[in-house]
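> One predicted model, sequence on top.
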Amino acid sequence: MADEKTPSYEQAREELTEVVRRLEAGGLTLEQSIELWERGEKLAAICEEWLQGARVKLAAAMARRGQPDPDSPF
C-alpha cells in the first residue's frame, strides 16, 4: 500500500487530526471548509485501508497459528 503518493497510516492520521482541528476552529469560508472536509474524507479512507490491511495480516497470522479469527463473534 505504501508508495510515494499514499501517506503512512501515522501521517494520514496526523493530517486528519489537523483537518478536524481547523474545521472545529471555524473562521473558514464555505469553500475552504468543503475542501478540508473532502481532504478529511480521503484521509479517513486511507486510514481505513491501512487498518483493514492490518486486520487481514493479523487474521492470516492467527490462522497460521491455529487461533480463531479476531473478527469472529465466537
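Everything's here; your move. Bear in mind the structure is a predicted one, so any value in this text is a computation, not a measurement. Numbers count the residues shown, from 1 in each chain.
> what's the helix or strand for the spatially most central residue of the chain?
When Cα atoms, centre = their mean is applied to the chain, the residue found nearest the centroid is C47 (1.2 Å). Under the criterion DSSP states H and E, the helix or strand holding C47 is helix 30-64.
> With adjacent residues omitted, what lies nearest to the residue nearest to the centre of the chain?
Closest residue to C47 apart from its sequence neighbours, by Cβ to Cβ, 6 or more residues apart in numbering: A12 at 5.1 Å. C-beta: built from backbone N, CA, C; applies to glycine.
> Hmm, that neighbour is touching I46, no?
Yes: with contact defined as Cβ atoms under 8 Å, A12 counts as touching I46 (4.3 Å).
> Model confidence score at the residue nearest to the centre of the chain, please.
The confidence metric pLDDT takes the value 96 at C47.
> got the contact list for it?
By Cβ atoms under 8 Å, 6 or more residues apart in numbering, the residues touching C47 are 9, 12-13, 16.
> swap in Q52?
With Cβ under 8 Å, 6+ apart, Q52 has no contacts at all.
> Look up how far A59 lies from it.
Separation of Q52 from A59 (Cβ to Cβ, to the nearest Å): 11 Å.
> related to what we said a few turns ago, in what helix or strand does the residue nearest to C47 lie?
Secondary structure from DSSP H and E places A12 in helix 9-25.
> Mind listing residues that contact that helix?
In this structure, residues lying in contact with helix 9-25 by Cβ under 8 Å, 6+ apart are 7, 28, 33, 36-37, 39-40, 43-44, 46-47, 50-51.
> Next: stretch 26-39.
For stretch 26-39, contacts defined as Cβ under 8 Å, 6+ apart pick out 15, 19, 22-23.
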